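>>> just coords:
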């Protein structure tokens, strides 16, 4: 009688884990290329959704008509004189309010899963955020064109030269670019676009109405003057007003504006990217 010995099952040899690919530092040229690609995506979306420009075209017109023709005679004694004073400030206010849309647009894309597809792509984490911010610069240019166009139609005249006008536009764009990173952070952190818009308004209104956009600083009570003099929008508005109308000193106000712009970018841009990474 023969007995069969139980066969021992062959155990598979352990498989060595695949080596973890080394993480390389992002190529700066690739980051720029990815950013420009996503910037173009935002511009194409703006082309197919022109209703996004409605607030940028109507808001400066409404504010100009309301403040110049309702309050201009009482504040300055002449609507024409007040138009020369207020329109540079309305230009600043319009572009600052336009930068609020950056956060709302980012929040909408994140809530719809668009950024989940971006995370699956071999692109820099900076690119989707920077693409949204840079793409919105075109919205700011549209807003600036509307302010100058409507202002010229009702009597506003630039009393300096084209170089000063170009410098004023550049200064506004630099500051709005830095400001948009604050609202981009809100768009990444918050879940609801309405919450982003409401919170952004809480930031935008004190900055714009608590400045010398519609009234001179010396006409305000002392406690309010302290905030107005500290407000970076005040320095920006003064620089723009001097570049376009008054021809007064610009250097100190422009340097303060550029300093604020650099500080806002250096603080809020990395915070936005870090919050975006923590979401993934």
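Sure, I can see it. As the structure is a prediction and not an experimental result, all values here were calculated from the model.
>>> helices of the stretch 151-280 of the chain, residue ranges please.
162-189, 193-209, 222-230, 232-241, 251-279 (DSSP state H, counting those that start in this stretch).
>>> out of these, which one sits most buried?
With neighbours defined as mean count of other C-beta atoms under 10 Å, the helices of the stretch 151-280 of the chain peak in mean count at helix 232-241, which reaches a mean of 26. The way it works is simple: take the backbone N, C-alpha and C, and place the C-beta from them, glycine included.
>>> quick one, that one and helix 222-230 angle?
60 degrees (axes from the mean of the first three to the mean of the last three C-alpha atoms, to 10 degrees).
>>> and the angle for helix 232-241 with helix 162-189?
Computed by the same axes, to 10 degrees, the angle separating helix 232-241 from helix 162-189 equals 160 degrees.
>>> with residue 77 as the reference, name the closest of the helices of the stretch 151-280 of the chain.
helix 232-241 (18.1 Å; C-beta to C-beta).
>>> give me the contacts around the closest one.
Helix 232-241 has contacts (C-beta atoms under 8 Å, 6 or more residues apart in numbering) with 85, 88-89, 91-92, 96, 168, 171-172, 175, 207-208, 210-213, 217, 228, 248, 250, 253-254, 256-257, 260.
>>> and residue 242, what does it touch?
By C-beta under 8 Å, 6+ apart, the neighbours of residue 242 are 248-250, 253.
>>> circling back: make CSV from the helices of the stretch 151-280 of the chain and add distance to residue 56 and mean pLDDT to it.
Formatted as CSV, those follow (distance: least, C-beta to C-beta, whole Å; pLDDT from 0 to 100):
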stretch, distance to residue 56, mean pLDDT
helix 162-189, 12, 91
helix 193-209, 14, 86
helix 222-230, 26, 91
helix 232-241, 18, 94
helix 251-279, 21, 90
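>>> residues near residue 82, how many?
Applying other C-beta atoms under 10 Å, we find 20 residues neighbouring residue 82.
>>> from what I can see it touches residue 70, true?
No: using C-beta atoms under 8 Å as the test, residue 82 is too far from residue 70 to be in contact (10.3 Å).
>>> so how far is residue 240 from residue 132?
To residue 240, residue 132 is 25 Å away according to C-beta to C-beta, to the nearest Å.
>>> same question for stretch 43-51, mean pLDDT?
Mean per-residue pLDDT for stretch 43-51: 67.
>>> now for residue 68: which residues touch it?
79, 82-83, 86-87, 154.
>>> nearest to residue 141, of the residues you listed?
Using C-beta to C-beta as the measure, the one of the contacts of residue 68 that approaches residue 141 most closely is residue 87, at 17.1 Å.
>>> surely that closest one touches residue 157?
No: the criterion here is C-beta under 8 Å, and residue 87 misses it with residue 157 at 9.9 Å.
>>> who's more crowded, the two?
Between residue 87 and residue 157, residue 87 has the larger neighbour count (other C-beta under 10 Å), namely 29 against 12.
>>> buried sites along the host helix or strand of that one?
Assigned by DSSP states H and E, residue 87 belongs to helix 79-111. For helix 79-111, the neighbour count (16 or more other C-beta atoms under 10 Å) marks 79, 82-107, 109-110 as buried.
>>> look up how far residue 212 lies from residue 225.
10 Å.
>>> and what of residue 201?
Taking C-beta to C-beta, one finds residue 201 at 20 Å from residue 212.
>>> what about the helices in the stretch 1-150 of the chain?
With DSSP H, counting those that start in this stretch as the criterion, the stretch 1-150 of the chain has helices spanning 28-48, 54-76, 79-111, 114-119, 126-153.
>>> with distance to residue 233 as new columns, can those helices be given to me in TSV?
Formatted as TSV, those follow (distance: least, C-beta to C-beta, whole Å):
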stretch	distance to residue 233
helix 28-48	26
helix 54-76	15
helix 79-111	6
helix 114-119	31
helix 126-153	15
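>>> this completes my enquiry, with thanks.
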